[in-house]
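Trainee: coords please:
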Amino acid sequence: MRGEVRDGRIVIVGASLAGLRAAETLREKGFTGSLTLVGEEPQPPYDRPPLSKQVLLGRVPADRTGLPQRRDVEAQWRLGVRATGLDPIGKRVLLADGEEVPFDRLLIATGTRARPWPNPAEAALDGVFTLRTSDEARRLAERLDAGPRRVLVIGAGFTGSEIASACRERGLAVTVAERGPAPLVGALGGTLGALAAKLQRAHGVDLRCGVTVTALEGDGRLTGAQFSDGTHIDADVAVVALGAIRNTEWLAESGLAAGPRGVTCDAGCRAFDMYGIVTDDVFAAGDIARFPHPLFEYQLLSLEHWGNAVAQAEVAAHNMVNPGPRRLPHLTVPAFWSSQFGLNIKSVGVPTFSDQVVIAQGSLKDARLVAVYGYRGRVTAAVSVNQARSLEYYQRLIETAAPFPPAPGAADQIESPVPVPSDVPDPKLLSHGPTVALTGHMPDRRLTVVQPAR
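Mentor: Here you go, the predicted model:
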């Protein structure tokens, strides 16, 4: 192996889960050079899933969610400073404090931020929150501790639904507003979306689907909200859960294929430039990455999953310190989990990459089941509700492109073996953003091709 790939200067922009795991892997793979991690937040890397669960329930303080380090990464940490630009020719990362960080290889792991309420004046009202960072979780938990009269959750994706669940467990009155037909429908389709709606209402949530919040009201402090159907509610806390924005703005002049959908890269995590040429010194991993996956017709996937951030960071780090023949592809099957309203929901594959779904085990009535998704006659995903032990079997079916519907014999009990349409709506019809985005092959912008002089 060439010695130079294990030496030199590597910069990781994004000091969260993907950035930390990449740094650890670089050292484990024998990288001995200079390593710098740049992070906008002032605190060391921390775990985000507990923020909408244990932290909001008051079981874990927001400042106690730090990620354990598997080893000393021997890095220079530049925390509390934002990256503002990238010079790919001079190989420099530009920082908000005016400094520049040189690199030989760069990993982009800047992740996402919460999508804010679109009206800045209303977003500034005391009592209006988003939930993405530990500081946001701390402030929201403190407000919930004070016992608000009613909490309004805008958006019924996984984050919004987990927030609503935590509020109801605290005994707080909750209204959830969702433009789509049901909670979680953008991630799991119509069948499990209908189950989620039923369960939220059974737990006392004032769930309003097919409506939008048209205005947040208050004079300095939130007092209520207006809905598109003409109704109004009083509320002193509103949590905006409208999905995430990928942090790519700092790359606008970099020449990379970076835009609202993420940084486009190959299966080895190498970033593409805006003309589709793969770079050899710029990599991407985690929520920011948009990459092809052979199991899903090579469509470009953007994933906001904990496990994907870890797996992709490890692949990126391996490839940063290994020459071409030794590089690995990122082929991990997407997986995620959620805990809400007494349910443990786990998924493998991409449920939105489907045209049919079948309840392969258990029943909707008992809220204990495995739903298997298919696309054009092959298995593409499985979602378990309080029955996670079966998912390993279905993951093998996904990996081997097994026929859909799955053969009899995998089930303990089948409510209805007949597949039905998966009813995955157009994301434009939803308030919440998907945690898995199938972004096809379309570019993020229109380009004017200028032929180079010959």
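
Trainee: shaky segments in this protein?
Mentor: 1-4, 408-416, 433-454 (pLDDT under 70).

Trainee: what packs against the longest helix that it contains?
Mentor: Using DSSP state H, we find that the single longest helix of the chain is helix 185-202. Contact here means 3 or more C-beta pairs under 8 Å, 6 or more residues apart in numbering; DSSP states H and E; on that basis helix 185-202 packs against helix 158-169, strand 206-209, strand 343-349, strand 356-363, strand 368-375, strand 378-385. No exception for glycine: its C-beta is placed from N, CA and C like everyone else's.

Trainee: now distance to residue 231 too, for the ones you listed, in JSON lines please.
Mentor: Formatted as JSON lines, those follow (distance: least, C-beta to C-beta, whole Å):
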{"stretch": "helix 158-169", "distance to residue 231": "18"}
{"stretch": "strand 206-209", "distance to residue 231": "8"}
{"stretch": "strand 343-349", "distance to residue 231": "29"}
{"stretch": "strand 356-363", "distance to residue 231": "33"}
{"stretch": "strand 368-375", "distance to residue 231": "33"}
{"stretch": "strand 378-385", "distance to residue 231": "31"}
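
Trainee: let's have the ones you listed in TSV, adding distance to residue 14 and mean neighbour count.
Mentor: TSV is the format used below for the helices and strands packed on helix 185-202 (distance: least, C-beta to C-beta, whole Å; neighbours: other C-beta atoms under 10 Å):
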stretch	distance to residue 14	mean neighbour count
helix 158-169	20	25
strand 206-209	35	19
strand 343-349	25	21
strand 356-363	35	23
strand 368-375	31	24
strand 378-385	28	25
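
Trainee: of these, which is nearest residue 71?
Mentor: When the helices and strands packed on helix 185-202 are compared by C-beta to C-beta, strand 343-349 sits nearest residue 71, at 29.0 Å.

Trainee: contacting residues around the closest one?
Mentor: 187-188, 199, 295, 333-339, 367, 373, 379-386, 388, 391, 394-395, 398 (C-beta atoms under 8 Å, 6 or more residues apart in numbering).

Trainee: who's residue 283 bridged to?
Mentor: Bridge pairing for residue 283 (DSSP bridges) gives the partners residue 107, residue 270.

Trainee: contacting residues for it?
Mentor: Applying C-beta under 8 Å, 6+ apart, the residues near residue 283 are 105, 106, 107, 108, 265, 269, 270, 271, 316, 319, 320.

Trainee: for residue 356, which non-adjacent residue is closest in space?
Mentor: Excluding its sequence neighbours, the residue lying closest to residue 356 (C-beta to C-beta, 6 or more residues apart in numbering) is residue 419, at 4.1 Å.

Trainee: for that neighbour, the count of nearby residues, please.
Mentor: 18 (other C-beta atoms under 10 Å).

Trainee: where's it relative to residue 358, distance?
Mentor: 4 Å (C-beta to C-beta, to the nearest Å).

Trainee: show me the helices in the stretch 351-454 of the chain, by range?
Mentor: 391-399 (DSSP state H, counting those that start in this stretch).

Trainee: so what's the backbone phi/psi at the residue most central in space within the chain?
Mentor: Among the residues of the chain, residue 304 comes closest to the average C-alpha position under C-alpha atoms, centre = their mean, at 1.7 Å. Backbone torsions of residue 304, given as degrees, to the nearest 10, read phi -110, psi 60.

Trainee: coming back round to it: the helices and strands packed on helix 185-202: which one's closest to residue 255?
Mentor: helix 158-169 (33.1 Å).

Trainee: tell me what the closest one is packed against?
Mentor: For helix 158-169, the packing partners by 3+ C-beta pairs under 8 Å, 6+ apart are strand 151-154, strand 174-178, helix 185-202, strand 335-340.

Trainee: can you redo the ones you listed as a markdown table with distance to residue 28 and mean neighbour count?
Mentor: Formatted as a markdown table, the helices and strands packed on helix 158-169 follow (distance: least, C-beta to C-beta, whole Å; neighbours: other C-beta under 10 Å):
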| stretch | distance to residue 28 | mean neighbour count |
| --- | --- | --- |
| strand 151-154 | 41 | 27 |
| strand 174-178 | 43 | 26 |
| helix 185-202 | 33 | 22 |
| strand 335-340 | 23 | 20 |
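
Trainee: just to revisit the earlier point, which of the contacts of residue 283 lies closest to residue 181?
Mentor: Using C-beta to C-beta, those come closest to residue 181 at residue 265, 34.0 Å.

Trainee: surely the closest one meets residue 286?
Mentor: No - if you go by C-beta atoms under 8 Å, residue 265 and residue 286 don't touch, sitting 11.1 Å apart.

Trainee: show me which of the two is the more surrounded one.
Mentor: Between residue 265 and residue 286, counting by other C-beta under 10 Å, residue 286 is the more crowded of the two (32 against 29).

Trainee: show me what contacts that one?
Mentor: Taking C-beta under 8 Å, 6+ apart as the test, what residue 286 contacts is 14, 16, 17, 18, 19, 109, 111, 308, 309, 312, 313.

Trainee: just the buried ones out of those residues, please.
Mentor: In the contacts of residue 286, burial by neighbour count holds for 14, 16, 17, 18, 19, 109, 111, 308, 309, 312, 313, counting by 16 or more other C-beta atoms under 10 Å.

Trainee: so the first one sits against residue 39, correct?
Mentor: Right, residue 14. Yes - using C-beta under 8 Å, residue 14 is in contact with residue 39, at 6.7 Å.

Trainee: of all the helices and strands packed on helix 158-169, which one is nearest residue 125?
Mentor: Nearest to residue 125, of the helices and strands packed on helix 158-169 and by C-beta to C-beta, is strand 151-154 at 11.7 Å.

Trainee: CA-only coordinates of the closest one, as CSV, when you get a sec.
Mentor: C-alpha atoms of strand 151-154 as CSV (Å, rounded to 0.1, in the frame of the first residue of the first chain):
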residue,chain,number,x,y,z
VAL,A,151,-48.6,22.0,22.9
LEU,A,152,-49.0,22.3,19.2
VAL,A,153,-46.8,20.0,17.1
ILE,A,154,-46.6,21.0,13.4
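
Trainee: ok, that strand: who's next to it in the sheet?
Mentor: Assessed with DSSP bridges, strand 151-154 is paired to strand 174-178 (parallel), strand 237-240 (parallel).

Trainee: nearest to residue 351, of these?
Mentor: strand 174-178 (17.7 Å).

Trainee: now that closest one and helix 185-202, what's the angle there?
Mentor: 150 degrees (axes from the mean of the first three to the mean of the last three C-alpha atoms, to 10 degrees).

Trainee: can you give the distance of strand 174-178 from its chain's centre?
Mentor: Chain-centre distance of strand 174-178: 21 Å, with C-alpha atoms, centre = their mean, to the nearest Å.

Trainee: hmm, residue 239 is touching residue 161, no?
Mentor: No - in this structure, residue 239 is not within contact of residue 161 by C-beta under 8 Å, at 11.3 Å.
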